[in-house]
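**Student:** I need the structure of the sequence given here:
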Amino acid sequence: MTDDVISHWDITGVPNPTDASFDYKHDGATSVAAGDHNAHREIILDFELAVEKGCKPLVDPLSARATTDLICALYEAATEANMRD
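**Tutor:** Next up, the predicted model:
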């Protein structure tokens with residue numbers, strides 16, 4: 001990442017979500033609600049295809065769980081920091 005922009009992207013078949021041609025605007029700070037899944041569209045489609053074909057998806061469950069755990073830990077740390085202030 002460079003200045004909050006993904007500067008290196010190496011996932012075949014999935015467009016860089018910070019590429020100017022990829023029209024997706026989400027700041028992640030306004031809400032934690034997952035109302036718009038455009039940034040995850042290719043990953044979701046890949047998962048559906050993997051289920052249909054019985055093959056491994058681009059993002060496996062262990063990777064997704066690790067990411068979710070990291071996000072939860074960040075929210076917890078931020079909450080604890082706010083409680084100390």
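**Student:** remind me, longest helix of the protein?
**Tutor:** Scanning the chain for the longest helix, with DSSP state H as the assignment, gives helix 61-84.
**Student:** tally of neighbours for residue 48?
**Tutor:** For residue 48, the neighbour count with other CB atoms under 10 Å is 11. No exception for glycine: its C-beta is placed from N, CA and C like everyone else's.
**Student:** give me the element it is part of.
**Tutor:** Using DSSP states H and E, residue 48 sits in helix 41-53.
**Student:** I'd like the mean pLDDT over that helix, please.
**Tutor:** Mean pLDDT, computed over helix 41-53, is 89.
**Student:** Same check on stretch 73-85?
**Tutor:** 79.
**Student:** Could you list the buried residues of the helix holding residue 48?
**Tutor:** Neighbour counts over helix 41-53 (16 or more other CB atoms under 10 Å) mark 43, 46-47 as buried.
**Student:** on that earlier part again, only alpha carbons, please: show the longest helix of the chain as PDB.
**Tutor:** Output of helix 61-84 as PDB, limited to C-alpha atoms (Å, rounded to 0.1, in the frame of the first residue of the first chain):
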ATOM      1  CA  PRO A  61     -12.000 -20.500   4.400                       C
ATOM      2  CA  LEU A  62      -8.900 -20.400   6.500                       C
ATOM      3  CA  SER A  63      -7.700 -17.200   4.800                       C
ATOM      4  CA  ALA A  64     -11.100 -15.600   5.200                       C
ATOM      5  CA  ARG A  65     -11.200 -16.600   8.900                       C
ATOM      6  CA  ALA A  66      -7.700 -15.100   9.500                       C
ATOM      7  CA  THR A  67      -8.800 -11.800   7.800                       C
ATOM      8  CA  THR A  68     -12.000 -11.700   9.900                       C
ATOM      9  CA  ASP A  69     -10.100 -12.400  13.100                       C
ATOM     10  CA  LEU A  70      -7.700  -9.600  12.200                       C
ATOM     11  CA  ILE A  71     -10.600  -7.100  11.600                       C
ATOM     12  CA  CYS A  72     -12.300  -8.100  14.800                       C
ATOM     13  CA  ALA A  73      -9.000  -7.600  16.700                       C
ATOM     14  CA  LEU A  74      -8.600  -4.100  15.200                       C
ATOM     15  CA  TYR A  75     -12.100  -3.100  16.200                       C
ATOM     16  CA  GLU A  76     -11.500  -4.500  19.700                       C
ATOM     17  CA  ALA A  77      -8.200  -2.600  20.000                       C
ATOM     18  CA  ALA A  78      -9.900   0.600  18.800                       C
ATOM     19  CA  THR A  79     -12.700   0.200  21.300                       C
ATOM     20  CA  GLU A  80     -10.300  -0.400  24.200                       C
ATOM     21  CA  ALA A  81      -8.300   2.700  23.200                       C
ATOM     22  CA  ASN A  82     -11.400   4.800  23.100                       C
ATOM     23  CA  MET A  83     -12.400   3.500  26.500                       C
ATOM     24  CA  ARG A  84      -9.100   4.700  28.000                       C
END
